[in-house]
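Enquirer: Show me how the following folds:
(one chain, ligands or ions: 2)
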Amino acid sequence: MLIALLPGDGIGPEVTAEAVRVLEAVAGDRLTFEEAPVGGGAYHTQGHPLPPATLDLARRADAILFGAVGDPSCDALERHLRPEQAILGLRKELGLFANLRPARLFPELADASALRPEIAREMDLVIVRELTGDVYFGTPRGRRETNDGRREGFDTMRYDEDEIARIARVGFETAQGRRGSLCSVDKANVLETSQLWRDVVTEVAAEYPQVELAHMYVDNAAMQLVRNPGWFDTIVTGNLFGDILSDQASMCAGSIGMLPSASLGQGGKGLYEPIHGSAPDIAGQGRANPLAAILSAAMLLRHSADMAAEADRIEAAVAAALAAGHRTADLGGAVTCQGMGDAVLAAL
Ligand code: IPM
Ligand code: MG
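Expert: Numbers count the residues shown, from 1 in each chain. Ligands and ions are numbered 1, 2, ... in the order given. From the prediction side, this is the model:
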């Protein structure tokens, strides 16, 4: 199968390189890789963060392994040329509406969590984040001048019922494959969009009588995530709330350098990326943690390649590397990005 490699900006290339070494070790004979530029680097060399040839490769590929985008030298560009538009464009163009972000604590990392170990240890959840709608894509949006000459910015939060129902189904199905409990997160006490969200999720629940459904306001969910993360099994939520809650969950899991993600559409194709960004402050120094990228590669094998056994092997090797004491800087250690890759390969 063909894997599109889009390493992107900042630490993207270094963490992706380690993920590729791991993929080659477990399934090299069945995978071919083709690389293309994306993000700020693509803007600088080709004038656009998502060049047509890169989008074309992403369309042709069976799966996409993505690093990170984000480049401070692009901060002043018009929005449609900023690096972030590349990942937003890929999600939208490929119809990757369901983003799975598992957050669990490797027991070896209990001390790295921002939470007390006895609380952190209980955490084993998945955030199912809607990825192609909400205030991220709603129109109208923009900046304008008010009648009395002040600047004003505005965005539109919107979801239609079909978008809500299809992500709700992914949430229920994910919960069904786990501990059978789904928490839908919204802000229905204030927002119309969220009230519709809550109504539709409640309707879809009738199709999944085995799953226990709860609703929670996003502010409360943020609080419960640090108070008692072990309570959550599967969370389903909109694009913006999911973006925020998944960063929060990552620190409960020890480091943002640990969390992988899968972005899926209707077919088997998916885009796999660490949830962390390009971290320009540490790029090129070999200090990045490649484990989120490596765990994303495992998700790729599981969801897009029907290679669950190989995915299990990678996840076990990550656990073994941590158990052997290897830690990158984000986890309080001094192992380099490549050194961590070596440790995972050795464990394989
Ligand atoms: C993420 C990132 C992206 C998002 C950015 C880079 C556009 O924060 O994947 O969580 O907001 O979705
Ligand atoms: Mg984010």
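
Enquirer: Please, which helix or strand holds Ala317?
Expert: Taking DSSP states H and E as the definition, Ala317 sits inside helix 308-323.

Enquirer: Can I get that helix in PDB, CA atoms only?
Expert: Listed next in PDB are the C-alpha coordinates belonging to helix 308-323 (Å, rounded to 0.1, in the frame of the first residue of the first chain):
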ATOM      1  CA  ALA A 308      -3.600  -5.000  13.900                       C
ATOM      2  CA  ALA A 309      -0.900  -7.500  15.000                       C
ATOM      3  CA  GLU A 310       1.900  -5.200  13.700                       C
ATOM      4  CA  ALA A 311       0.200  -2.200  15.400                       C
ATOM      5  CA  ASP A 312       0.100  -4.100  18.700                       C
ATOM      6  CA  ARG A 313       3.800  -4.900  18.300                       C
ATOM      7  CA  ILE A 314       4.600  -1.200  17.900                       C
ATOM      8  CA  GLU A 315       2.600  -0.200  20.900                       C
ATOM      9  CA  ALA A 316       4.200  -2.900  23.000                       C
ATOM     10  CA  ALA A 317       7.700  -1.700  21.900                       C
ATOM     11  CA  VAL A 318       6.900   1.800  22.900                       C
ATOM     12  CA  ALA A 319       5.800   0.600  26.300                       C
ATOM     13  CA  ALA A 320       9.000  -1.500  26.600                       C
ATOM     14  CA  ALA A 321      11.200   1.500  25.600                       C
ATOM     15  CA  LEU A 322       9.600   3.500  28.400                       C
ATOM     16  CA  ALA A 323       9.900   0.700  30.800                       C
END
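
Enquirer: Endpoints of stretch 177-189, how far apart?
Expert: The stretch stretch 177-189 measures 30 Å between its terminal residues, going by Cα to Cα, to the nearest Å.

Enquirer: Return the residues of the stretch 101-250 of the chain in contact with ligand 1.
Expert: The stretch 101-250 of the chain has residues Asp243 near ligand 1, with proximity defined as Cβ under 6 Å from any ligand atom. For the C-beta atoms, the positions are set from N, CA and C on the backbone; glycine is no exception.

Enquirer: Now do the same for the residue of the stretch 151-300 of the chain found nearest ligand 1: its pLDDT.
Expert: Closest residue of the stretch 151-300 of the chain to ligand 1, Cβ to the nearest ligand atom: Asp243 (4.6 Å). pLDDT recorded at Asp243 is 95.

Enquirer: where exactly do the strands run in the stretch 51-200 of the chain?
Expert: Applying DSSP state E, counting those that start in this stretch to the stretch 51-200 of the chain gives strands spanning 63-68, 98-104, 124-130, 142-145, 151-154, 181-186.

Enquirer: Just name the most buried of these.
Expert: Greatest average neighbour count among the strands of the stretch 51-200 of the chain goes to strand 63-68 (a mean of 27), per mean count of other Cβ atoms under 10 Å.

Enquirer: ok, which stretches of the stretch 101-250 of the chain are helices?
Expert: Using DSSP state H, counting those that start in this stretch, the helices of the stretch 101-250 of the chain run over 117-120, 161-176, 192-204, 218-227, 239-252.

Enquirer: Please name whichever of those helices is nearest to Ala58.
Expert: helix 239-252 (19.8 Å; Cβ to Cβ).

Enquirer: Now that closest one - C-alpha only, CSV.
Expert: Taking Å, rounded to 0.1, in the frame of the first residue of the first chain, the C-alpha atoms of helix 239-252 are listed here in CSV:
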residue,chain,number,x,y,z
ASN,A,239,-14.2,20.5,16.4
LEU,A,240,-13.2,23.4,18.7
PHE,A,241,-14.0,21.7,22.0
GLY,A,242,-12.2,18.6,20.9
ASP,A,243,-9.1,20.6,19.9
ILE,A,244,-8.9,22.1,23.4
LEU,A,245,-9.8,19.0,25.4
SER,A,246,-7.3,16.8,23.6
ASP,A,247,-4.4,19.1,24.4
GLN,A,248,-5.6,19.1,28.0
ALA,A,249,-5.9,15.3,28.1
SER,A,250,-2.3,15.0,26.7
MET,A,251,-0.8,16.6,29.7
CYS,A,252,-2.7,14.2,31.9
